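Novice: quick one, structure for this:
(one chain, ligands or ions: 1)
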Amino acid sequence: MISSIKINPKRVLLKISGEALLGDVHYGIDPKVANTIIQDVANVVKAGIEVCLVIGGGNIFRGMTASARGIDRVHGDYAGMLATVINAVVLHNVFEDHSIKSCIMSAIEIPQIAENYVRDRAIGYIKQGRVIIFAGGIGNPYFTTDTAAALRAIEMKCDLMLKGTQVDGVYDSDPKKNPNAKRYDEITYSEALINGLSIMDATAFSLAQDNHLPMIVFNMHKEGNFEKVLLGNGVCTKVIASDSYQK
Ligand code: UDP
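Specialist: Reported below is the predicted structural model:
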């Protein structure tokens, strides 16, 4: 069987969760971590791959957590979307420090800080070699930035989406709790569903599966891993739609 994932993709979308920015801090952004992540992205851009990012906000605010504490879910979710904008502003600044051209496109109108997301304009920017940081999720409450990542990757015609996590890919059980947990090299979305593997939320999952968006899950906390995985040398799990297999 030959999988449909291109080892040397032309355009990719990297989903960075808010938690990935925490590093040694309990809230907000650890500048060391932000620097390492952006350096890794910069290396991939310099290697000629077009990159867009979707940034989460869980290091600052999550609507669902706030809702459990009595805040209206819709208001909590808007606060969560604004948290993604805060992260985007900081990452944009770190890109400038690395002399990489980037821009923020937001799903929520916030003109002093970011351009509104307009898909065709985003395509123009990425073709010019700019890294696009998509902020504000999809702009609606009751969604997550995983869904935003899958949606933007499809709209932007990315060859694949990458999800940076704290472990080396998708396992059959939590590798932090079970030392014998088995990592999958490659798995289909259907197999992940049947085996109850929580790769991302159900909306993101079905968007990716239905639109044959391949995904790579990898450890973003290993320096240089983003580029390695894209060049086919890194440890990761590839997730593909079942009908992407060519028999
Ligand atoms: N959010 C939302 N709509 C979106 C994306 C995000 O309402 O389209 C809110 C939601 O409250 C979520 C928060 O923003 O908890 C932060 O996003 P997420 O939890 O996906 O961030 P991550 O887990 O990736 O850090």
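Novice: using PDB, list the CA coordinates for the helix or strand bottoming out on mean pLDDT in the chain.
Specialist: Least confident helix or strand of the chain, by mean pLDDT, DSSP states H and E, is helix 63-68 with a mean of 87. The C-alpha coordinates for helix 63-68 follow below in PDB (Å, rounded to 0.1, in the frame of the first residue of the first chain):
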ATOM      1  CA  GLY A  63     -14.500  28.800  26.700                       C
ATOM      2  CA  MET A  64     -15.500  25.300  28.000                       C
ATOM      3  CA  THR A  65     -13.400  25.600  31.200                       C
ATOM      4  CA  ALA A  66     -14.800  29.100  31.800                       C
ATOM      5  CA  SER A  67     -18.300  27.700  31.200                       C
ATOM      6  CA  ALA A  68     -17.800  25.000  33.800                       C
END
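Novice: that one: what's the following helix or strand?
Specialist: helix 73-97 (DSSP states H and E).
Novice: list the helices and strands the least confident helix or strand of the chain packs on?
Specialist: If you count contacts as 3 or more Cβ pairs under 8 Å, 6 or more residues apart in numbering; DSSP states H and E, helix 63-68 packs onto helix 73-97. From N, CA and C alone the C-beta is placed, and that goes for glycine too.
Novice: just the angle between the helix or strand just after the helix it packs on and helix 73-97, please?
Specialist: Next helix or strand after helix 73-97 toward the C-terminus (DSSP H and E): strand 102-106. With axes from the mean of the first three to the mean of the last three Cα atoms, to 10 degrees defining the directions, strand 102-106 sits at 170 degrees from helix 73-97.
Novice: what is strand 102-106 packed up against?
Specialist: For strand 102-106, where contacts count as 3+ Cβ pairs under 8 Å, 6+ apart, the packed elements are helix 73-97, strand 115-116, helix 119-127, strand 131-135.
Novice: ok, now with 6 Å
Specialist: helix 73-97, strand 131-135 (3 or more Cβ pairs under 6 Å, 6 or more residues apart in numbering; DSSP states H and E).
Novice: just put the ones you listed in JSON lines and tack on mean neighbour count and mean pLDDT.
Specialist: Formatted as JSON lines, the helices and strands packed on strand 102-106 follow (neighbours: other Cβ atoms under 10 Å; pLDDT from 0 to 100):
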{"stretch": "helix 73-97", "mean neighbour count": "20", "mean pLDDT": "97"}
{"stretch": "strand 131-135", "mean neighbour count": "27", "mean pLDDT": "98"}
